[in-house]
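> coordinates for the following, if possible.
(chains A and B)
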There are 2 protein chains.
Amino acid sequence: MEQELLLTVKSWVIEAGEQIKESLKSSIEVDIKSNRRDLVTNIDKATEAFLVDKIKAAYPNDHIVGEEGISDKPETVAGRVWVIDPIDGTMNFVLQQRNFCVMIGIFEDGEPKLGFIYDVMANRFVYGGKSTGVYLNDTKLAPVENTSLADGLMGSNGSMFAHDVHGTQKVGNEAMGVRILGCAGLDFLSVICGEQCGYISNLAPWDYAAGVALSEPLGLKCSYLSGKPYHILDGREYFIVATTQTYQDAMVILN
Amino acid sequence: MEQELLLTVKSWVIEAGEQIKESLKSSIEVDIKSNRRDLVTNIDKATEAFLVDKIKAAYPNDHIVGEEGISDKPETVAGRVWVIDPIDGTMNFVLQQRNFCVMIGIFEDGEPKLGFIYDVMANRFVYGGKSTGVYLNDTKLAPVENTSLADGLMGSNGSMFAHDVHGTQKVGNEAMGVRILGCAGLDFLSVICGEQCGYISNLAPWDYAAGVALSEPLGLKCSYLSGKPYHILDGREYFIVATTQTYQDAMVILN
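Numbers count the residues shown, from 1 in each chain, chains lettered A, B, ... in the order given. Take a look at the predicted model:
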C-alpha cells in the first residue's frame, strides 16, 4: 500500500521537476511576500497547483498543508495529511536557478509516513519512509553514521548563526565547520546522506515535513530546539535535525 | 600560445579529476596540519605531485607555488609562476566526498594569465583567461551581470561572518542572503557564474590565484579587503571578489 503510494508520488515529483526545468527556459516572475527576502514565483505557484491537483484527483479525502496558500487548513492531524513545499529555497531558485528542491511529506494521524526531497538541478532525489526504506535515486540508504558534533559539519540558518540565537553559533563553533545553503531541504538531504552531522534553523511544517519522514527511519533525531516534538499544524519553530550523538552534543550547548 | 597552454592544462586538470574520483573508491588517509580544521589527505598530496610532475616536465623553467609544500619558493614574480591548490575544500572532500575543487592559476610577471577551477563531482569546470575567454565546460561565459549587494547572495568565510571581522556580517546583512560553502574555489565559481554577487574570506594565494585569473576578464573586481592589490607571494590576507557594484557597496561598509 505505502509502496504503491511511494511510486505514484515519486512519479509526480519527477514530473514536477521536469516542468520546473522547462520553466527555467523562460524568465521567472518574482513577487515579494512579507519582506524583500521572502519571495514567491509563478513557478512555485504552478508547481503547487500541479501537485495539489494530482493529490485531490487521486485522494480526494486527504488534507493538504502547503506554503503558497493552497492549504485547506485541517483542524486536526487525523487521517492523511500532505505537507508540500513546491519550491524550497526560492531565493536560490531566483538568483541561482539551482540549489532548490521540491518537497512532500505524507503524514497519517500525525505520524510521518513518506517523504520526498528532490534537488532538481543536481538530480539528487531522496524518497521513502519507515515502512518502505529510504532511497537516494535508486540506491537504498543505510542508517546514517552516528557522527559527533566535533567530527561533523553543521548546517545552519544564516541569521541564527550570525546572532547566536539560542546558542546556534556556539554549536557551530564546536563543529568542524558551518555551512549555510539557504535551502532547508538541501540541508536535510546533506544530513540524510551523512554529509552534515546536523542542521539548525527556524522552520515551518512544509520546511521539515518531508525531512523528518526521511530522517527518522535512518536513525536521525528531529525536534524543536526546545526539545519539544514537532507538530505539523504548528507555526514556524526553531528546529534541529541531527545524528543522535550530535543532537545530544548540541542540546548541552543550546539554550 | 596561451590557447595551446590552456588546452594542455585543461587536459591535466581533467586527468587529475579522474584520478581523484578513482581514489574515492578507497578510503582516504587524513592528516591534521596546524589545527583540527586544517586537514590534508593522501589524495591532496598525490594530486599535487601529479600536477607538479606535469608542469616540471613540460615547462622546467617555470616556478610553482602550492599549498601542500611543493612550492619552490620563488623570490620574485618574474617569469611564469603556477599557483596550485590540488584539492581546495579539503574538509568537504573528507566529510562529504564532494563540494571540493582542483585549482590552478598561471601568472606571468605578476599578471594573471589563465585560471582553472574544476568542481570534480558536480562536473563544473571553469577555465580560461583574459586572452582566451573564460569557459564553463564548453560554453563561453559573458561578462558577469553587475548585481548590487542588496540584490545578490554573498559568500563568506564562516568565522568572519560569525564574528563580523572587518564588517563582514554587516555586508552579509545588506545582501539577499549569505552562503557558506567551505570552499574558496566554489565561491569563486558561484560569483563567476553570477550565482553570488561576491565572496569575502581570508585567503592564501593558492585559494585565489585561479579565481582572479578567471574573474577579472569577466568584469569582476578582486583585492584585499583593505583595497590593496593582491600579490601572489604574500601570505594569507582578507580578500574580496565581487561585481564592481557589490565591491563598491561592500567597501562602504567594510572597515
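> residues near the closest residue to chain B within the stretch 1-150 of chain A, how many?
Nearest residue of the stretch 1-150 of chain A to chain B: residue A:96, at 4.0 Å (CB to the nearest CB). Every C-beta, even on glycine, is put in place using the N, C-alpha and C of the backbone. For residue A:96, the count of nearby residues is 20 (other CB atoms under 10 Å in any protein chain shown).
> read off the pLDDT value for it.
At residue A:96, the pLDDT value in this model is 97.
> show me what contacts it?
Applying CB atoms under 8 Å, 6 or more residues apart in numbering or on different chains to residue A:96 gives the contacts B:153, B:190, B:195-196.
> residues in chain A within reach of chain B, list them.
Proximity of chain A to chain B, by CB under 8 Å from any CB of the partner chain, involves residues A:36-37, A:91-92, A:95-96, A:98-99, A:122, A:152-153, A:158, A:161-162, A:169, A:172-173, A:176-182, A:190, A:195-196.
> now, of the residues you listed, which are buried?
Buried members of these, counted by 16 or more other CB atoms under 10 Å in any protein chain shown: A:91-92, A:95-96, A:98-99, A:152-153, A:158, A:161-162, A:169, A:172-173, A:176-182, A:190, A:195-196.
> looking at these, which are in strands?
Within these, residues falling in strands by DSSP state E are A:153, A:177-179.
> residue boundaries of the helices in chain A?
A:2-23, A:42-58, A:90-96, A:158-162, A:168-174, A:184-192, A:205-215, A:244-253 (DSSP state H).
> please name whichever of the ones you listed is nearest to residue A:232.
Residue A:232 lies closest to helix A:205-215 among these, at 4.4 Å (CB to CB).
> contacts for the closest one, please.
Residues contacting helix A:205-215 (CB under 8 Å, 6+ apart): A:65-67, A:83-85, A:88, A:103-107, A:112-117, A:126-130, A:134, A:184-185, A:188, A:191-192, A:201, A:221-222, A:230, A:232-234, A:239, A:241.
> what angle do helix A:42-58 and it make with each other?
Put simply, helix A:205-215 runs at 60 degrees to helix A:42-58, going by axes from the mean of the first three to the mean of the last three CA atoms, to 10 degrees.
> report the mean per-residue pLDDT for helix A:205-215.
On average, helix A:205-215 scores 98.
> show me what contacts the residue nearest to residue A:241 when sequence neighbours are not counted?
Nearest non-adjacent residue to residue A:241, counting by CB to CB, 6 or more residues apart in numbering or on different chains: residue A:222, 4.7 Å away. By CB under 8 Å, 6+ apart, the contact list for residue A:222 reads A:208, A:211-212, A:215-216, A:230, A:239-241.
> could you rerun that using 7 Å?
A:208, A:212, A:215-216, A:230, A:241 (CB atoms under 7 Å, 6 or more residues apart in numbering or on different chains).
> just residue A:97 next, same as before
Here residue A:97 is in contact with residue A:24 (CB under 7 Å, 6+ apart).
> next one: it from residue A:41, what distance?
Relative to residue A:41, residue A:97 is positioned 11 Å away (CB to CB, to the nearest Å).
> check residue A:217 too.
From residue A:217 to residue A:41 the distance is 32 Å (CB to CB).
> just for chain A, where's the confidence low?
A:68 (pLDDT under 70).
> and it, what are its domains?
According to automatic domain parsing, chain A comprises the domains A:2-140, A:149-253.
> single out the most deeply packed of the ones you listed.
Scoring these by mean neighbour count under mean count of other CB atoms under 10 Å in any protein chain shown gives domain A:149-253 as the most buried, with a mean of 22.
> need the distance between the two termini of it.
11 Å (CA to CA, to the nearest Å).
> ok now that domain, how far from the chain's centre?
11 Å (CA atoms, centre = their mean, to the nearest Å).
> from residue A:55, how far out is the residue nearest to residue A:29 when sequence neighbours are not counted?
Setting aside the residues directly before and after it, residue A:29 is nearest to residue A:42 in space (CB to CB, 6+ apart), at 4.2 Å. Distance, residue A:42 to residue A:55, using CB to CB: 21 Å.
> and what of residue A:178?
Taking CB to CB, one finds residue A:178 at 36 Å from residue A:55.
> what's the answer for residue A:17, then?
17 Å.
> could you do residue A:81 as well?
Taken as CB to CB, the span from residue A:81 to residue A:55 is 11 Å.
> and if you look at residue A:85?
Applying CB to CB, the value for residue A:85 to residue A:55 is 14 Å.
> what of residue A:24?
Distance from residue A:24 to residue A:55, by CB to CB: 24 Å.
> and stretch A:159-166, end to end?
End-to-end for stretch A:159-166, by CA to CA: 12 Å.
> now, the most widely separated pair of the contacts of residue A:96?
Longest span within the contacts of residue A:96, CB to CB: B:153 and B:190, 7.9 Å.
> now for those two: what residues contact both?
Shared contacts of residue B:153 and residue B:190, counting by CB under 7 Å, 6+ apart, come down to residue B:196.
> gap between the two ends of stretch A:178-194?
OK, stretch A:178-194 end separation, CA to CA: 15 Å.
> repeat that for stretch A:26-39.
18 Å.
> how far is that stretch from where the chain is centred?
So, by CA atoms, centre = their mean, the centroid of stretch A:26-39 is 20 Å from its chain's centroid.
> relative to chain B, how far out is the residue nearest to residue A:241?
From residue A:222 across to chain B, the span is 21 Å (CB to the nearest CB, to the nearest Å).
> which strand residues bridge residue A:238?
Bridge pairing for residue A:238 (DSSP bridges) gives the partners residue A:202.
> list the contacts for it?
Counted by CB under 7 Å, 6+ apart, residue A:238 has contacts A:166, A:202, A:224-225.
> pick out whichever of these sits closest to chain B.
residue A:202 (13.9 Å).
> list the contacts for the closest one?
A:157, A:160, A:236, A:238-239.
> go with 6 Å
A:157, A:236, A:238 (CB atoms under 6 Å, 6 or more residues apart in numbering or on different chains).
> backbone dihedrals for the closest residue to residue A:49 other than its chain neighbours, both of them.
In this structure, residue A:49 finds its nearest non-sequential neighbour in residue A:70, 7.2 Å apart by CB to CB, 6+ apart. Main-chain torsions, residue A:70, degrees, to the nearest 10: phi -90, psi 0.
> so residue A:70 sits right up against residue A:53, yeah?
No - applying CB atoms under 6 Å, one finds residue A:70 not in contact with residue A:53, separated by 9.9 Å.
> take the contacts of residue A:202 and write them to TSV, including distance to residue B:255.
Output for the contacts of residue A:202, formatted as TSV (distance: CB to CB, whole Å):
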residue	distance to residue B:255
A:157	26
A:236	34
A:238	32
